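# Got a predicted model here, sequence first, then my questions.
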Amino acid sequence: MKFKFLIAFTILVLAACNSGTDTKAAASDTVATPVAAVDNGVKSVVLPVATTDPLRKSLEAFAAGDMEGFGASMDDNIKVYYPGPGDSLMGKKAAMDFFSARRGKYESVQIVNPTFLAVQNNDLPTTVAQGNWLMSWHTYVYKMKGNGKTVVLPLHIVQHMNGAGKADIMALYYDMHRLMEAAK
């Protein structure tokens, strides 16, 4: 399942990035505008960066220790996939319990070099949810409670937004071993 999920998103991002449009922009073009892209039959639209606000605000809330703010954009039936024991979480309560416990292990969290992308796709295979996908690439710098170790953790998040504007799928890609090593 994860493999299909990863392949679908790779196709989605490549299709969105390969718009075939002129890459020269006027000096006044400071805001991204939607760009239609068609690549191998997959139709995508790159959305304005403001579309990623729910994901950005969620990450900022996590860093600040505001777990209510972190979960504000989650659907009650969210499915969270991550690289760790158990492999996935089903439902907002399970996700909030897990992430609250994780956040409780950190003295501080800093977000470094965040990059966001929002893509609308209405022509993915039926095994992948169609609609708006929000993506982030960033690094978290965690200071662990207790041992004071610092962990630098590159992280990629892919999140699907349902029709109600809530995240119903979230996939996290990171090196779980870095966190396990720091906890020692």
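Yep, it's here.

# quick one: the strands in the chain?
Remark: strands assigned in the chain by DSSP state E are 35-39, 42-46, 74-81, 88-90, 106-121, 131-144, 150-161, 167-173.

# Kindly state which of those strands is positioned closest to residue 56.
Within these, the stretch nearest residue 56 is strand 106-121; the backing value is 6.0 Å (Cβ to Cβ). All C-beta atoms are positioned from the backbone trio N, CA, C, and that covers glycine.

# Counting by contacts, list what the closest one packs against.
Packing partners of strand 106-121 (3 or more Cβ pairs under 8 Å, 6 or more residues apart in numbering; DSSP states H and E): helix 2-17, strand 42-46, helix 53-64, strand 131-144.

# 10 Å instead, please
helix 2-17, strand 35-39, strand 42-46, helix 53-64, strand 131-144, strand 150-161 (3 or more Cβ pairs under 10 Å, 6 or more residues apart in numbering; DSSP states H and E).

# Okay, angle between the third one and strand 131-144 too, please.
Orientation note: strand 42-46 sits at an angle of 60 degrees relative to strand 131-144 (axes from the mean of the first three to the mean of the last three Cα atoms, to 10 degrees).

# what's the average pLDDT for strand 42-46?
The average pLDDT within strand 42-46 is 76.

# CA atoms only: put it into CSV for me.
Written as CSV, here are the backbone C-alpha positions of strand 42-46 (Å, rounded to 0.1, in the frame of the first residue of the first chain):
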residue,chain,number,x,y,z
VAL,A,42,-2.3,12.6,-15.3
LYS,A,43,-4.0,16.0,-14.9
SER,A,44,-2.7,18.2,-12.1
VAL,A,45,-3.0,21.8,-11.0
VAL,A,46,-0.3,23.5,-8.8
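
# Partner strands of that strand and their direction?
Sheet pairing for strand 42-46, assigned by DSSP bridges, gives strand 35-39 (antiparallel), strand 106-121 (antiparallel).

# Could you report the pLDDT at the closest residue to residue 157 other than its chain neighbours?
Nearest in space to residue 157, with sequence neighbours left out and distances taken as Cβ to Cβ, 6 or more residues apart in numbering, is residue 136 at 4.8 Å. You'll see residue 136 listed with a pLDDT of 96.

# go on, the one 4 residues further on?
Listed pLDDT for residue 140 reads 92.

# That one reaches residue 63, doesn't it?
Yes: Residue 140 is within contact range of residue 63, at 7.4 Å (criterion: Cβ atoms under 10 Å).

# Give me the common contacts of those two.
Each of 106, 109, 110, 111 lies in contact with both residue 140 and residue 63 under the rule Cβ atoms under 10 Å, 6 or more residues apart in numbering.

# ok, and the closest non-adjacent residue to the third one?
Spelled out, that is residue 110. Spatial nearest neighbour of residue 110, chain neighbours left out: residue 141 (4.3 Å); criterion: Cβ to Cβ, 6+ apart.
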